[in-house]
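1. build the 3D model from these lines:
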Amino acid sequence: MKDFSNIVSQFAVEGSIEAVKPLGNGLINDTFIVKTAEDSVPDYVLQRINHQIFTDVNTLQDNIMAVTAHIRRKLTEAGEKDIERKVLQFIPLKGDLAKTYFFDGESYWRMMMFIPRAHTLEAVNPETSRFAGKAFGNFQAMLVDIDKELKESIPDFHNMEFRLKQLHDAVKADPVGRVKEVKPLLDELESRAEDMCKAERLYREGKLPKRICHCDTKVNNMMFDEDGRVLCVIDLDTVMPSFIFSDYGDFLRTAANTLAEDDPNIAGVEFNMDIFRAFTEGYLSSAKDFLSPIEIENLPYAAALFPYMQAVRFLTDYINGDTYYKIKYPDHNLVRTRNQFKLLQSIEAHTPEMKEFIKQKLEQF
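-> As a prediction, the model looks like this:
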């Protein structure tokens, strides 16, 4: 294992380091727990930032520091207790207390305080989905009045017009001769393209705001305390300006699919309305006071947008010869595309029911 002593020594940590061990199962960054020898000194978390994905590490960390500072201030003003466990705290460099990452010549590293007596959950069910909805809605609510301007840590990450342009470019180039076989799928996606670009149009017309969103809303991106209460939202790399649809729709895309996104049993793909109801109830309970009418009106659109966007991205990669997503067999991306398209169709069928549920919930609050 790599000798981490030089890396850890760059940061303003306390105590002496006893051990550095792998932590968690994250897919993007490499994460380690740094155990200290003294009982009175906290443990730390060390991360190697994947700068192939997050190419502007300075913007990435500036965003995170602005968000965590704002949340800390909000919690303090609200008289919250145990704040150190309710917001991530990053450790500055010894020689530059304004900087929170270190470049060793090959990789970028950062450190944060380890949150004790806390855990994440992997299970997706109505209970955890309700927790997630409330937590991510509250996360957005706390950042509505942030006074720092954040940038996109991944440019055009959830820009539907940009994703369609990528698809059109792939179709035009047809580098491996796959366009002909996927023509029916392309026609289906193209028939919905104008509707699915609604968010960008509303934004240009000044009707839809961009807010600070998490943009990676998964159940395991929340920390729970020993009593099962949500402590805080974690994994803040994708925090950036976006439409609230990013946090709402992307959670439902993964959590409310009755099957995994690459399950070839397309007939078994359905939109789980129990997960939708639980997540939506939690989300509206904490976000309703700042959401605009147009944002609320388009929550069902957000649920449809993300499987559509992912179908576009998977199909683009398939047409390009599978250059972006890892595949396990030749048609893997095509299976993923069909899976997501079937989920989209199920969401479209449930849209009237979704609208009615949202209306009823707002009347109850």
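
2. can you pull the buried residues of stretch 73-81?
-> 74, 75 (16 or more other Cβ atoms under 10 Å). Any C-beta I mention is one placed from the backbone N, CA and C, and that applies to glycine too.

3. so which residues of the stretch 251-365 of the chain form strands?
-> Applying DSSP state E, counting those that start in this stretch to the stretch 251-365 of the chain gives no strands.

4. can you pull out the helices in it?
-> In order along the chain, the stretch 251-365 of the chain carries the following helices (DSSP state H, counting those that start in this stretch): 273-287, 293-297, 299-319, 332-364.

5. mean confidence score for the last one?
-> Across helix 332-364, the average pLDDT comes to 97.

6. buried stuff in it?
-> Neighbour-count burial for helix 332-364 [16+ other Cβ under 10 Å]: 332-348, 350, 354, 357-358, 361.

7. what residues are up against residue 151?
-> By Cβ atoms under 8 Å, 6 or more residues apart in numbering, residue 151 lies in contact with 56, 59, 62, 63, 240, 241.

8. can we see that at 6 Å?
-> By Cβ atoms under 6 Å, 6 or more residues apart in numbering, the contact list for residue 151 reads residue 59.

9. list phi and psi for it.
-> Note on residue 151: backbone dihedrals following degrees, to the nearest 10 are phi -110, psi 170.

10. picking up where we left off before, which one of the helices of the stretch 251-365 of the chain lies nearest to residue 193?
-> Nearest to residue 193 among the helices of the stretch 251-365 of the chain is helix 299-319 (8.7 Å), distances taken as Cβ to Cβ.

11. specify the local secondary structure of the most far-flung residue of the chain relative to its centre.
-> The outermost residue of the chain relative to its centre, with distances by Cα atoms, centre = their mean, is residue 38 at 35.2 Å. Following DSSP: H, G, I helix; E, B strand; the rest coil, we place residue 38 in the coil state.

12. wait, it touches residue 15, no?
-> Yes. The criterion here is Cβ atoms under 6 Å, and residue 38 meets it with residue 15 at 4.5 Å.

13. picking that back up, any idea how far residue 3 is from the residue farthest from the centre of the chain?
-> Separation of residue 38 from residue 3 (Cβ to Cβ, to the nearest Å) stands at 21 Å.

14. do residue 235 as well
-> 27 Å.

15. repeat for residue 228
-> 39 Å.

16. could I get the contacting residues of the residue most central in space within the chain?
-> Of all residues in the chain, the one closest to the mean position by Cα atoms, centre = their mean is residue 216, 0.4 Å from it. Residues in contact with residue 216 (Cβ under 6 Å, 6+ apart) are residue 238.

17. that one: which element?
-> Assigning secondary structure by DSSP states H and E places residue 216 outside every helix and strand.

18. how about the strands in the stretch 1-150 of the chain?
-> 17-22, 30-36, 44-49, 102-103, 108-113.

19. show me the residues around the residue farthest from the centre of the chain that make contact.
-> residue 15.

20. kindly recompute the last result at 7 Å.
-> Contact analysis of residue 38 by Cβ atoms under 7 Å, 6 or more residues apart in numbering lists 15, 16.

21. from residue 14, how far out is it?
-> 8 Å.

22. pLDDT weak spots in the stretch 1-150 of the chain?
-> 1-2, 25-27 (pLDDT under 70).

23. now with 80, please.
-> Scanning the stretch 1-150 of the chain for pLDDT under 80 picks out 1-3, 24-28.

24. helices of that one, start to end?
-> Going by DSSP H, counting those that start in this stretch, the stretch 1-150 of the chain shows helices at 5-9, 57-77, 126-142.

25. among those helices, which is the most enclosed?
-> helix 126-142 (a mean of 22; mean count of other Cβ atoms under 10 Å).

26. what inclination does that one have with respect to helix 273-287?
-> 30 degrees (axes from the mean of the first three to the mean of the last three Cα atoms, to 10 degrees).

27. return the distance of the following helix or strand past helix 126-142 from the chain's centre.
-> Next helix or strand after helix 126-142 toward the C-terminus (DSSP H and E): helix 160-173. Between the centre of helix 160-173 and the centre of its chain there are 23 Å (Cα atoms, centre = their mean, to the nearest Å).

28. list the helices and strands helix 160-173 packs on?
-> helix 198-204, helix 299-319 (3 or more Cβ pairs under 7 Å, 6 or more residues apart in numbering; DSSP states H and E).
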